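Visitor: fold the following and give me the result.
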Amino acid sequence: MPFLPPNVSEEMLKADFWIEKLTDVDRVLATAAEIEFIENKTAEKMSELGLAREYTLPGDFEEEMVATEVRGLMESYSLPGCLPDYALYSADGEIHSEEWRGRLIDESNLEFLSDSNQIIKGEPALTIRRLSIRAFPTEEAAVKDPEAIDVDRFQLTAIQAGSPVMIWHQSLSGKWSYIQSQIYSGWVLTEYLAAADDLEMILDYYNQGERLVVTGSRTETEPNPFFPGISNIFLQLGDSLPIFDRELIPEEIPSGAKNGQSTLGCYVVKVPLSLGARVGSSGRLEFAPALIPYSQPVQVGFNDFTKRNLIEAAFKCLGERYGWGGLFQRRDCSRLVFDIYRQVGLTLPRDAGKPQEAGAFGETIYFEGDREQRLNQLEKLETGDPVYLPGHVMIYLGKAKKPGKDQVGHYVIHSGAGYGRQAAGEVEPVTVHSTFVMEIETCLKNKKETFLKALTVGRRFRADIDG
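Guide: Here you go, the predicted model:
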């Protein structure tokens, strides 16, 4: 029998166990038009909260700013004052020196932004690979605990290949560019950006209606030894790419190559290339066809926004390692929620806390009071809704009878560090660091308090309710 948390059975590890309990599993919770409405309202709310740097629809990207506004994008994570006052360690466990910190500040090239009235023209671009967005211009890890090297404090998030961005600033060496994407602002490697002639060029790509959507945990484009730019482009749940113009698809890729790959049995997607890119310099944007086999977990068009599709997506990530900020090509707690909702066409703010809890448009259920009151508040949620506690978010699955007991429990699925197991009146920490199913009255990893007691809010993302 596999290792299981308290009050969890093997059958609970299957999506069908939860789907079969529902009578409205295929009810559409929001249409495509309603999803667009939710995203527009979310963008408005995020702007009102001063969080436009963490959620701006690409069609609302500014084309120029004054230098103080660019620094405003950087103020939460990327200015010198954002460097932690505690010791930071490398992935090898070596402490980072003050000289190292100074080099980061120098590389940030903030002197270029010192004239507050200087007009900065943004450069529209598309990403050509999945990219980490960093708080500071470095690939070196910056961890608080040398024994927890998987939690890199400089890792903000990751964005998919084909993401529209605005380039606002470059590092001193040019190796790094400070960008604004729909879901985050931060530093990315310049060589993986393809600069467009104008904003309309990237918006046309972003808005192309017919798209291939990843509905499983991950996939990639087929390798092509004759065309590295289209090879092994990593994609994960919820990522999407436009379908290539069918009238322009060649019989083999690259066209005319002796051993090029036929398009037979494959979807042909349109991927951005960065011509002339090198370390320290972005290239110019061009497009090419790339192949994703029919056998992969993809489909044309987003899934309907239903409970079935939310739960099936969540369970496609079961058992996968926790990935802080998208490290290891995996998911942390809020990225799991983000990806689950993206595959039904809804792009939420990336982070738990204020962005998802207050910025995303929808209904808020507040948790307060004693155990019975909190259990009653849970009843207001539907399967697939996220529930939040400080620094964490989980997906609500519903109620089920506890294995071997007459009691009924409320269950969640989440990507988390672990939980607390009660033994001899004490709570011992159990490390999980993956996506797992858990009963909501399980203890927190390092406390006797339960997850239920720690809950603060639940959210229901619908077009007809807000607040």
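
Visitor: show the model's pLDDT score for the residue nearest to residue 59 when sequence neighbours are not counted.
Guide: Among residues not flanking residue 59 along the chain, residue 203 sits closest, at 6.1 Å (CB to CB, 6 or more residues apart in numbering). Glycine gets a C-beta too; all of them are placed from N, C-alpha and C. Residue 203 carries a pLDDT value of 98.

Visitor: does residue 203 count as helix, strand or coil?
Guide: When classified by DSSP: H, G, I helix; E, B strand; the rest coil, residue 203 comes out as helix.

Visitor: burial count for it?
Guide: 16 (other CB atoms under 10 Å).

Visitor: how close does it get to residue 124?
Guide: To residue 124, residue 203 is 8 Å away according to CB to CB, to the nearest Å.

Visitor: swap in residue 24?
Guide: Distance from residue 24 to residue 124, counting by CB to CB: 42 Å.

Visitor: neighbour-wise, which of these two wins?
Guide: Neighbour count, other CB under 10 Å: between residue 24 and residue 124, residue 124 has more, with 23 against 12.

Visitor: wait, the more buried one touches residue 193, no?
Guide: No: taking contacts as CB atoms under 8 Å, residue 124 lies outside contact range of residue 193: 10.0 Å.

Visitor: need the overlap of contacts for these two.
Guide: The contact sets of residue 124 and residue 193 overlap at 165, 167 (CB atoms under 8 Å, 6 or more residues apart in numbering).

Visitor: how many other residues sit next to residue 251?
Guide: 10.

Visitor: how about it, what does it touch?
Guide: When contacts are counted by CB under 8 Å, 6+ apart, residue 251 touches 262, 263.

Visitor: what does the one 5 residues further on give?
Guide: Residues in contact with residue 256 (CB under 8 Å, 6+ apart) are residue 250.

Visitor: pretty sure it belongs to a strand, no?
Guide: No: Residue 256: not assigned to a strand; according to three-state DSSP it is coil.

Visitor: got phi/psi on residue 341?
Guide: Main-chain torsions, residue 341, degrees, to the nearest 10: phi -80, psi -30.

Visitor: enumerate every residue touching it.
Guide: 238, 310, 347, 348, 461.

Visitor: try it again at 6 Å.
Guide: By CB atoms under 6 Å, 6 or more residues apart in numbering, the contact list for residue 341 reads residue 348.

Visitor: please apply the same query to the one 5 residues further on.
Guide: Applying CB under 6 Å, 6+ apart, we find residue 346 in contact with residue 35.

Visitor: which regions of the stretch 251-400 of the chain sit below the pLDDT cut-off?
Guide: For the stretch 251-400 of the chain, applying pLDDT under 70 flags no range at all.

Visitor: list the buried residues in the longest strand along the chain.
Guide: Assignment by DSSP state E gives strand 408-423 as the longest strand of the chain. In terms of neighbour count (16 or more other CB atoms under 10 Å), strand 408-423 has its buried residues at 409, 410, 411, 412, 413, 414, 415, 416, 417, 418, 419, 420.

Visitor: my guess is the last one contacts residue 426, does it?
Guide: No: taking CB atoms under 6 Å as the contact criterion, residue 420 and residue 426 are not neighbours in contact, 9.2 Å apart.

Visitor: how close does the most centrally placed residue in the chain get to residue 167?
Guide: The residue lying closest to the centre of the chain (CA atoms, centre = their mean) is residue 335, at 4.0 Å. Distance of residue 335 to residue 167, given as CB to CB: 24 Å.

Visitor: kindly report the same for residue 392.
Guide: Residue 392 is 33 Å from residue 167, where distance means CB to CB.

Visitor: which parts of the stretch 301-450 of the chain are strands?
Guide: Counting by DSSP state E, counting those that start in this stretch, the stretch 301-450 of the chain has strands at residues 363-366, 386-389, 392-401, 408-423, 426-439.

Visitor: that should have said the stretch 101-250 of the chain, apologies.
Guide: With DSSP E, counting those that start in this stretch as the criterion, the stretch 101-250 of the chain has strands at 119-121, 123-127, 131-134, 155-159, 164-170, 176-180, 185-189, 193-195, 211-214, 218-220, 234-236, 240-242.

Visitor: Throw those strands into TSV and include distance to residue 109 and mean pLDDT, thanks.
Guide: Formatted as TSV, these follow (distance: least, CB to CB, whole Å; pLDDT from 0 to 100):
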stretch	distance to residue 109	mean pLDDT
strand 119-121	12	97
strand 123-127	15	98
strand 131-134	15	98
strand 155-159	19	98
strand 164-170	7	98
strand 176-180	9	98
strand 185-189	11	98
strand 193-195	17	97
strand 211-214	36	98
strand 218-220	34	98
strand 234-236	29	98
strand 240-242	33	98
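
Visitor: between the ones you listed, which one is nearest to residue 100?
Guide: Closest to residue 100 of the strands of the stretch 101-250 of the chain, according to CB to CB: strand 131-134, at 14.7 Å.

Visitor: list the contacts for residue 26?
Guide: 306, 308.

Visitor: residue ranges of each domain in this structure, please.
Guide: Domain assignment for the chain, taken from automatic domain parsing, gives 10-31+305-460, 61-207.

Visitor: so which of these is nearest residue 279?
Guide: Evaluated over these, closeness to residue 279 peaks at domain 61-207, with 5.4 Å, by CB to CB.

Visitor: quick one: end-to-end distance for that closest one.
Guide: Its start and end residues considered, domain 61-207 measures 14 Å (CA to CA, to the nearest Å).

Visitor: and what of stretch 399-413?
Guide: 12 Å.

Visitor: begin at 376, not 1, for the rest of this chat.
Guide: Will do, 376 is the new start, and the previous item becomes stretch 774-788.

Visitor: distance between it and the chain's centre?
Guide: Its chain's C-alpha centre and that of stretch 774-788 lie 30 Å apart, by CA atoms, centre = their mean, to the nearest Å.

Visitor: which residues touch it?
Guide: In contact with stretch 774-788 (CB under 6 Å, 6+ apart) are residues 382, 384, 689, 753, 769, 770, 771, 772, 812, 813, 814, 815.
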